[in-house]
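Novice: what shape does this take:
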Amino acid sequence: MPPFYLSNSIQYSYWFLGCLCALFLVRSCIQNKATNSSLFVPIALILIVLMRLPAIFFNQELNPDESQMIAHAITLKQDPVYWQSADGATTGPLNSYFLALFGVFSSSIDYKLAHTVSLICALLSLLLFYQSVKIFCSKPTSRFVLLAPIFFLSFGQSDQFTHYSSEQLPVVLLNLSLWLASIIYTNNQTKWWVYVTLGFVLAAVPFAKLQASLQALFIGLAVMALLFHRKKRANIFGLVAGALSFLLVTAALLIQFNVIADFLEFYIQGNLVYAANGKEGNIISHFFRLLYGEDFMIYAITIMLFLLPRFGNLKASFDLSLFLFALIWLLIGMYSVSVPSRPFGHYLNLLIYPWALFLLVAIKDIPITNASNWSCIASALIWAFVLILIPNSNPPLANFASNLTQVVPKSKIANKILAHLAPQDRLTVWGWACNYYVETQLAQGTAESHTERCIESSPVKSGHQVRYMSDITKNRPAVFIDAVVSSHFYLNNPQTQSYESFPLLRHFINTNYKLVDTIDGVRIFVLKNRLKK
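Specialist: Got it, this is the predicted structure:
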């Protein structure tokens, strides 16, 4: 099919339609009419979907992590044992399984599917957060609190927040946990299954993203402290039973498939090493460096402006326990995104809703119907529109629109690979070029989709190399690619990082494979017994 192209007039009409939806949401908060109230959530969801459409239909890589996640999903669809067939390093297995689940209903697992799953996660997180917000405050206030995350998810078009990242499923799980915790907090007669479900969901968070574990642990401890205070200690056992049920089932599966050692070494120890090897400096400076230049900084400042009604009405009642919960959750979230000391803006996904909850707690008991408060809202909205909408009006449409295609474009390298492979064959890439797995839709020949941890010096390097050699010897992928070339964004020093830098691998490749082509510096090797006579 020909590329989908949007003319300038259609682009401006597209943004105008988005602005109309946004203005309706503001109007529904101000007027508080029954009709506007019932349409608020549907219009909010339509707005988010509408503004994400260019990214969804951009069937190419928005972020290098996306190709890694897709490669895992493709592999797990064929060989579903995580840490045996695929290993996402700092990314937990649930993210890849979640994407692979949607891949079952699709002919291919590509960028378009990943962007769609990213959108689904964003919508689920917003809806779950809204359920929590409604428990604590009036409907007009709950809609008001939702404005900031709605506009951020719609008009904040940075690839750090629109690609399918390893933070998006954990955010869904954390918001589900928040909703269940909110039910327990406001209802003294909560059913037993709520406690069990909450424990189960909280225990699942580390298996999506270990980085989010502290936030999950805090929610669990806060609920346990509440139950202890209410002298409902029997319900604590329900919470613990839910968590243990997930952990015991997971442990049984790890033992059954003989990957528990991999889990401990490559996931737990690997994450700790990854965090310890971050850049030097204190956590506070890392956080502000991470914030600088991202859409999230505008989101945070906008929420601070939304807090102005609190300073105009300091006499309003204040829920101290809820305030402390929101503040501590926010501080733990800030610590979690900063502690790896890495410049990856997608970590900030973990802070979207802690920041919004802090706003809710600050203003939930303040009337928001008088003119002075709405002047604060107006200033915040102007700030959000000017700094988010206008600077980002071009990238999602002007840059993406002329490249929208129904299928992933195949590079010369991918076409060369496919010439030597059958559908059930496996591919192995040395370096960081996971896009070749997506372009060919072939499973990984080793658990490593990229070989950063086999190349970079670290306490876990030798373990990764041992597993890599075990995998490639056992699977004997039909094609091996050395993608360490100077033009790539990372692992781009052929002199020190090519496959020859690993003596055991060099001997194995030189013995069992033949170089068939070199394209743009990328060397393509084919298993000798697969070559046509």
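
Novice: going by C-alpha atoms from here, please, whenever you check contacts or count neighbours.
Specialist: OK.

Novice: mind checking the longest helix of this structure?
Specialist: Counting by DSSP state H, the longest helix found in the chain is helix 111-136.

Novice: tell me how far it lies from the chain's centre.
Specialist: With C-alpha atoms, centre = their mean, to the nearest Å as the basis, helix 111-136 stands 12 Å off its chain's centre.

Novice: mind giving me the packing neighbours of that helix?
Specialist: helix 34-56, helix 64-78, helix 93-103, helix 139-155, helix 159-162, helix 168-186, helix 352-363 (3 or more C-alpha pairs under 8 Å, 6 or more residues apart in numbering; DSSP states H and E).

Novice: now the angle from it to helix 352-363?
Specialist: 20 degrees (axes from the mean of the first three to the mean of the last three C-alpha atoms, to 10 degrees).

Novice: can you put the helices and strands packed on helix 111-136 in JSON lines and add mean pLDDT and distance to residue 345?
Specialist: As requested, the helices and strands packed on helix 111-136 are exported to JSON lines (pLDDT from 0 to 100; distance: least, C-alpha to C-alpha, whole Å):
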{"stretch": "helix 34-56", "mean pLDDT": "83", "distance to residue 345": "17"}
{"stretch": "helix 64-78", "mean pLDDT": "94", "distance to residue 345": "12"}
{"stretch": "helix 93-103", "mean pLDDT": "95", "distance to residue 345": "18"}
{"stretch": "helix 139-155", "mean pLDDT": "85", "distance to residue 345": "14"}
{"stretch": "helix 159-162", "mean pLDDT": "86", "distance to residue 345": "6"}
{"stretch": "helix 168-186", "mean pLDDT": "96", "distance to residue 345": "13"}
{"stretch": "helix 352-363", "mean pLDDT": "89", "distance to residue 345": "12"}
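
Novice: now mean neighbour count and distance to residue 212 too, for these, in JSON lines please.
Specialist: Listed next are the helices and strands packed on helix 111-136 as JSON lines, based on neighbours: other C-alpha atoms under 10 Å; distance: least, C-alpha to C-alpha, whole Å:
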{"stretch": "helix 34-56", "mean neighbour count": "18", "distance to residue 212": "25"}
{"stretch": "helix 64-78", "mean neighbour count": "24", "distance to residue 212": "18"}
{"stretch": "helix 93-103", "mean neighbour count": "21", "distance to residue 212": "13"}
{"stretch": "helix 139-155", "mean neighbour count": "22", "distance to residue 212": "19"}
{"stretch": "helix 159-162", "mean neighbour count": "22", "distance to residue 212": "16"}
{"stretch": "helix 168-186", "mean neighbour count": "23", "distance to residue 212": "7"}
{"stretch": "helix 352-363", "mean neighbour count": "24", "distance to residue 212": "12"}
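
Novice: who wins for proximity to residue 447 among the ones you listed?
Specialist: Across the helices and strands packed on helix 111-136, residue 447 has its closest neighbour in helix 64-78 (8.6 Å, C-alpha to C-alpha).

Novice: helices or strands next to that closest one in the packing?
Specialist: Helix 64-78 packs on helix 93-103, helix 111-136, helix 435-440, strand 443-444, going by 3+ C-alpha pairs under 8 Å, 6+ apart.

Novice: 6 Å instead?
Specialist: helix 93-103, strand 443-444 (3 or more C-alpha pairs under 6 Å, 6 or more residues apart in numbering; DSSP states H and E).

Novice: which of the ones you listed sits closest to residue 435?
Specialist: Nearest to residue 435, of the helices and strands packed on helix 64-78 and by C-alpha to C-alpha, is strand 443-444 at 11.8 Å.

Novice: please enumerate residues in contact with the closest one?
Specialist: 74-75, 426-428 (C-alpha atoms under 6 Å, 6 or more residues apart in numbering).

Novice: ok, stretch 39-50 next?
Specialist: Under C-alpha under 6 Å, 6+ apart, the answer for stretch 39-50 is residue 154.

Novice: how far does that stretch sit from the chain's center?
Specialist: 21 Å.

Novice: for residue 486, find the nearest of the helices and strands packed on helix 64-78.
Specialist: Closest among the helices and strands packed on helix 64-78, using C-alpha to C-alpha: strand 443-444, at 23.4 Å.

Novice: tabulate the helices and strands packed on helix 111-136 (CSV), appending distance to residue 296.
Specialist: Converted to CSV, the helices and strands packed on helix 111-136 look like this (distance: least, C-alpha to C-alpha, whole Å):
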stretch, distance to residue 296
helix 34-56, 16
helix 64-78, 19
helix 93-103, 23
helix 139-155, 8
helix 159-162, 9
helix 168-186, 15
helix 352-363, 8
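
Novice: closest to residue 408 out of the ones you listed?
Specialist: helix 64-78 (11.6 Å).

Novice: below-threshold pLDDT in this structure: ranges please.
Specialist: Applying pLDDT under 70 to the chain flags the ranges 1-12, 31-36, 278-281, 293-294, 309-316, 367-406, 532-533.

Novice: so it: which segments form each domain?
Specialist: 8-399, 412-530 (automatic domain parsing).
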